[in-house]
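Trainee: Next one to model:
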Amino acid sequence: MILGMVFTMAPMKADAATYQDVLNVLAVDENGTPLVNVELVFEKDGITYDFDTTDANGKISDFNIQDDTDMILDGGYGEYVIKPAANSEYTVVGKPCIMSVEKTSESYGFPYIASVYGKPYAGETVQLTLKSASSEKPEVTVTEVTGGGAEVARTGGTAAIHVKGTNLPDKFYYMMNLYDEKGRILAQYSEKEAVAAGTETERTFDAAFPSVEDEKYKDAAYWEVGVETVSNPEDGYYTTKKEKGQHIQIAKKSETVEPNPGENPGDGTEEAVPSDKPSNGGSTTTKPQDSVNPGDNGSSDIGNRKSEYSKQSTVQTGDESHTILWATVMLAALAGVSVITLRRRQKKQN
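Mentor: Just a heads-up that it's a prediction; the model follows:
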């Protein structure tokens, strides 16, 4: 309290029939129940000039503006706000209670209570409604929800969801929508609860994503995540935005490319062509290719094809081809010798 000057003479008293110098206040809760032992202050321009405490009936009835030298000498005339002290567990409901102190019109003018709540004051008891400050919840706002373009496997997994806003709690509720690359929704998943870490302006939590390996989700491309601070909100969720790269991407499905008939799966080159020059004991040299399983008779996914230099229906090894070749040569040589011998015999007979 700010101390003021000390009067050397008793202050002038207001005419009871004309001016009011005693204020009567009743402090109640939102149900109308009187509040006991609540400290109220009289504040002007942010400075407290006096205080009083409610009695067993929730009232202040002994406040006299004429006796309060601190208020008049230090605060002077003007408007005073009546409210709970700064450390109180209560706060005012509705409009503030304002007491206007003015000076009487007499030449020796003195202070009096001209009005309360903007109405002329005639000495009646004015009601001040209060509520518990702890019952007031700060307004929560969400300004951004993003997954940062993170990727999860098709078998499922977790990804961090970042939330920005004001007065953010440490618990969120989230839901997920599954989309294909064209933006068509494939599935919607029910709400889940998550505990978040961080500050009141930026928090992060891990969201769990299910598997999309089922054939019906083969075109799944990304997850849209919706977040709220209350469960099953009537007005929907704050969601990630695709155009801002905030969705959770789904890893592309791995594909095994089967070789087309006529292709060499080893290096994608053309068919092997026998070399003109035998090596390693006469076997022909070919470009590398996959081995043929026993019993395939030389045919496979790669095969069922024939070299333009061979019309055989079976595959011969290099050694077998070498033997057949020399056998053919020997037979041809013998046939030649036979023909020559036969011609010589014919000449002799002639």
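Trainee: CA only for contacts and neighbour counts going forward, please
Mentor: Noted.
Trainee: Parallel or antiparallel, which strands does the helix or strand that contains Val225 pair with?
Mentor: Assigned by DSSP states H and E, Val225 belongs to strand 220-228. According to DSSP bridges, strand 220-228 forms sheet pairs with strand 171-180 (antiparallel), strand 238-239 (antiparallel), strand 248-250 (antiparallel).
Trainee: Redo those strands as JSON lines? Include distance to Glu202, mean neighbour count and mean pLDDT.
Mentor: As requested, those are exported to JSON lines (distance: least, C-alpha to C-alpha, whole Å; neighbours: other C-alpha atoms under 10 Å; pLDDT from 0 to 100):
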{"stretch": "strand 171-180", "distance to Glu202": "12", "mean neighbour count": "20", "mean pLDDT": "96"}
{"stretch": "strand 238-239", "distance to Glu202": "15", "mean neighbour count": "19", "mean pLDDT": "96"}
{"stretch": "strand 248-250", "distance to Glu202": "19", "mean neighbour count": "24", "mean pLDDT": "95"}
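Trainee: Rebuild those as JSON lines, extending it with distance to Leu23.
Mentor: JSON lines is the format used below for the strands paired with strand 220-228 (distance: least, C-alpha to C-alpha, whole Å):
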{"stretch": "strand 171-180", "distance to Leu23": "47"}
{"stretch": "strand 238-239", "distance to Leu23": "51"}
{"stretch": "strand 248-250", "distance to Leu23": "64"}
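Trainee: ok so, going back, residues making contact with the strand holding Val225?
Mentor: Residues from elsewhere that reach strand 220-228, judged by C-alpha atoms under 8 Å, 6 or more residues apart in numbering: 145, 172-181, 186, 212, 237-242, 247-252.
Trainee: again, but for stretch 101-112
Mentor: With C-alpha under 8 Å, 6+ apart as the criterion, stretch 101-112 contacts 12-14, 19-21, 65-66, 72, 77-80, 113-115.
Trainee: Just the buried residues from the residues you listed, in PyMOL please.
Mentor: Restricted to buried positions by 16 or more other C-alpha atoms under 10 Å, the PyMOL selection for those reads:
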select buried, resi 14+19+20+21+65+66+72+77+78+79+80+113+114+115
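Trainee: Which of the contacts of stretch 101-112 fall in strands?
Mentor: Counted as lying in strands by DSSP state E, out of the contacts of stretch 101-112, are 78-80, 113-115.
Trainee: and of the residues you listed, the nearest to Ala196?
Mentor: Ranked by distance to Ala196 (C-alpha to C-alpha), the ones in strands among the contacts of stretch 101-112 are led by Tyr80 at 44.5 Å.
Trainee: residues contacting that closest one?
Mentor: By C-alpha under 8 Å, 6+ apart, Tyr80 lies in contact with 42-44, 98-101.
Trainee: Need these in CSV (columns: pLDDT).
Mentor: Below are those laid out as CSV (pLDDT from 0 to 100):
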residue, pLDDT
Phe42, 89
Glu43, 90
Lys44, 89
Ile98, 93
Met99, 92
Ser100, 92
Val101, 90
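Trainee: Let's have those residues in TSV, adding distance to Thr141.
Mentor: Shown next, in TSV, are the contacts of Tyr80 (distance: C-alpha to C-alpha, whole Å):
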residue	distance to Thr141
Phe42	34
Glu43	32
Lys44	33
Ile98	32
Met99	36
Ser100	38
Val101	41
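Trainee: Helices along the stretch 1-150 of the chain, start to end?
Mentor: Along the stretch 1-150 of the chain, the segments classed as helices by DSSP state H, counting those that start in this stretch run 69-70.
Trainee: just for it, where's the confidence low?
Mentor: Low-confidence segments of the stretch 1-150 of the chain (pLDDT under 70): 1-17, 69-70, 135-137.
Trainee: Could you rerun that using 90?
Mentor: Low-confidence segments of the stretch 1-150 of the chain, defined by pLDDT under 90: 1-23, 42, 44-52, 60-78, 86-89, 94-95, 103-112, 132-139.
Trainee: could I have the strand holding Val225 exported to PDB, CA atoms only?
Mentor: Output in PDB follows, covering the C-alpha atoms of strand 220-228 (Å, rounded to 0.1, in the frame of the first residue of the first chain):
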ATOM      1  CA  ALA A 220      -1.100 -46.800 -51.800                       C
ATOM      2  CA  ALA A 221       1.200 -43.700 -52.100                       C
ATOM      3  CA  TYR A 222       0.900 -41.600 -49.000                       C
ATOM      4  CA  TRP A 223      -0.800 -41.000 -45.600                       C
ATOM      5  CA  GLU A 224      -2.700 -37.900 -44.600                       C
ATOM      6  CA  VAL A 225      -2.600 -37.300 -40.900                       C
ATOM      7  CA  GLY A 226      -5.200 -35.300 -38.900                       C
ATOM      8  CA  VAL A 227      -4.500 -33.900 -35.400                       C
ATOM      9  CA  GLU A 228      -6.600 -32.400 -32.700                       C
END
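Trainee: hang on, Phe51 packs against Val38?
Mentor: No: counting by C-alpha atoms under 8 Å, Phe51 does not reach Val38; the two are 10.4 Å apart.
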